[in-house]
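Q: next come a sequence and a model predicted from it.
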Amino acid sequence: MRIGKGFDIHRLVAGRKLILGGVEIPFEKGLLGHSDADVLLHAICDAILGAGGCGDIGIHFPDTDPKYKGANSLNLLKATCAKIRDLGFSIVNIDSTVFAEKPKLLSYREAMEKNIAEYAGIEVSDINVKATTFEGLGAIGNGEGIGAESVVLLEQTD
Ligand SMILES: [Zn+2]
């Protein structure tokens, strides 16, 4: 068994779509980034890569590579899981928390979990997504950005 942890944060700006866990969420701002800036999926990819001992998302999907401009991060998750399976691991479970002052994310939780399960190739019962605010404190509390963290457990399959 191996454990990995991922963290990511992106700035909220006008004129971008807000996409979390592969779900487009109606909001006045979206996250800024080279890809679709899906902060939740980036934290999950980093946790998976960390557990596998193979670096981070920036190494595997560099934001200087035009190939990843506007990339759907669900495809990055799929590619990350394929890498980890090639190394002989399978994912036991993924637990994540999104840090966002606004909007309320509870009603999108199930859709996010379903997307993550589908693209990671595991059961939805092995995925958990939580959301919390920063109680108005700091940059996230001021609504300047959204953060996410994730932990992943892997087991060796061969
Ligand atoms: Zn990111």
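A: Everything's here; your move. Just so it is clear, the model here is predicted, and its values are computed rather than measured.
Q: state the phi and psi torsions of the closest residue to the ion within the chain.
A: Residue of the chain nearest the ion, by CB to the ion: His42 (3.4 Å). Any C-beta I mention is one placed from the backbone N, CA and C, and that applies to glycine too. Main-chain torsions, His42, degrees, to the nearest 10: phi -70, psi -40.
Q: can you give me the neighbour number for it?
A: Here the count is done by other CB atoms under 10 Å, and His42 has 28 residues near it.
Q: ok, it touching Ser73?
A: Yes. If you go by CB atoms under 8 Å, His42 and Ser73 touch, sitting 6.4 Å apart.
Q: that older thread, apart from its neighbours in sequence, what residue is nearest the residue of the chain closest to the ion?
A: Spatial nearest neighbour of His42, excluding adjacent residues (CB to CB, 6 or more residues apart in numbering): Asp8 at 4.1 Å.
Q: these two touch, right, that neighbour and Asp46?
A: Yes. At 6.6 Å, Asp8 counts as touching Asp46 under the criterion of CB under 8 Å.
Q: intersection of neighbour lists for these two?
A: Contact with both Asp8 and Asp46 is made by residues Ile57, according to CB atoms under 8 Å, 6 or more residues apart in numbering.
Q: please list all residues in contact with Ile57.
A: Counting by CB under 8 Å, 6+ apart, Ile57 touches Asp8, His42, Cys45, Asp46, Leu49, Leu76, Thr80.
Q: for whichever helix or strand the residue nearest to His42 is part of, packing partners?
A: Per DSSP states H and E, Asp8 falls inside strand 2-14. For strand 2-14, the elements it packs on are strand 29-31, helix 39-52, strand 145-156, judged by 3 or more CB pairs under 8 Å, 6 or more residues apart in numbering; DSSP states H and E.
Q: and the longest one with strand 145-156, angle?
A: Same thing as helix 39-52. If you take axes from the mean of the first three to the mean of the last three CA atoms, to 10 degrees, helix 39-52 sits at 30 degrees to strand 145-156.
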